[in-house]
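Chemist: let me see the structure of the following:
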Amino acid sequence: MAEPKMKENDNSVIDFIESVESEKKKADAYQLLDIFEEVTGYKAKMWGPSIIGFGSYHYYKYASGHEGDAPLAGFSPRKAKISLYLAYESEEIEKMLENFGKHTTGKACIYVNKLADIDTQVLKKLIEQSVETYQNLYPNE
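Modeler: Residues are numbered from 1 along each chain as shown. Predicted coordinates for the structure are as follows:
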């Protein structure tokens, strides 16, 4: 079985944020770092080369036995948009997203252009919900 690309590692979160070219996106990344650490209670860790994750859970995905680890919540200040890695496939979260601000969703994340486009109080609720969702779905054994 192939080794997962997104694994927690000891790379520096600060070095990664400092490597972000856009000063605006870099400033947003530092603000997100503070928000995620405050809400989750976890210190930031790098996952793969470009995802800043908080906490972790172990998932069993398929009957084939595919499994792995993932952050409870995370983000990545990518060149085009900021990717927010949060659980968002529930009615409660869909309702929260109505008041979130300018965003789009993909298969596994929520995309925003900049923090000024969103309501950070709603973001905090979304982070709390994501942590709770994954901890309930995949309780530690």
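Chemist: so who does residue 126 touch?
Modeler: 84, 86, 88, 93, 96-97, 100, 110 (CB atoms under 8 Å, 6 or more residues apart in numbering). (C-beta placed from N, C-alpha, C; glycine too.)
Chemist: beta partners of the nearest residue to residue 50 once chain neighbours are set aside?
Modeler: Once flanking residues are discounted, residue 50 sits nearest to residue 76: 5.1 Å by CB to CB, 6 or more residues apart in numbering. Beta-bridge pairing for residue 76 (DSSP bridges): residue 83.
Chemist: ok so, going back, tell me which of the contacts of residue 126 has the lowest pLDDT.
Modeler: Least confident of the contacts of residue 126 in the model: residue 88, at 69.
Chemist: the protein: strands as residue ranges?
Modeler: Taking DSSP state E as the criterion, the chain carries its strands at 8-9, 44-47, 51-54, 57-60, 67-70, 73-77, 82-85, 104-105, 110-112.
Chemist: from what I see, the residue nearest to residue 50 and residue 48 are in contact.
Modeler: No - Residue 76 lies out of contact with residue 48 (CB atoms under 8 Å); the separation is 9.1 Å.
Chemist: hmm, back to that, with neighbour count and distance to residue 118 added, can I get the contacts of residue 126 in JSON lines?
Modeler: Rendered in JSON lines, the data for those read as follows (neighbours: other CB atoms under 10 Å; distance: CB to CB, whole Å):
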{"residue": "84", "neighbour count": "24", "distance to residue 118": "9"}
{"residue": "86", "neighbour count": "26", "distance to residue 118": "12"}
{"residue": "88", "neighbour count": "22", "distance to residue 118": "13"}
{"residue": "93", "neighbour count": "18", "distance to residue 118": "14"}
{"residue": "96", "neighbour count": "17", "distance to residue 118": "11"}
{"residue": "97", "neighbour count": "17", "distance to residue 118": "10"}
{"residue": "100", "neighbour count": "21", "distance to residue 118": "6"}
{"residue": "110", "neighbour count": "22", "distance to residue 118": "9"}
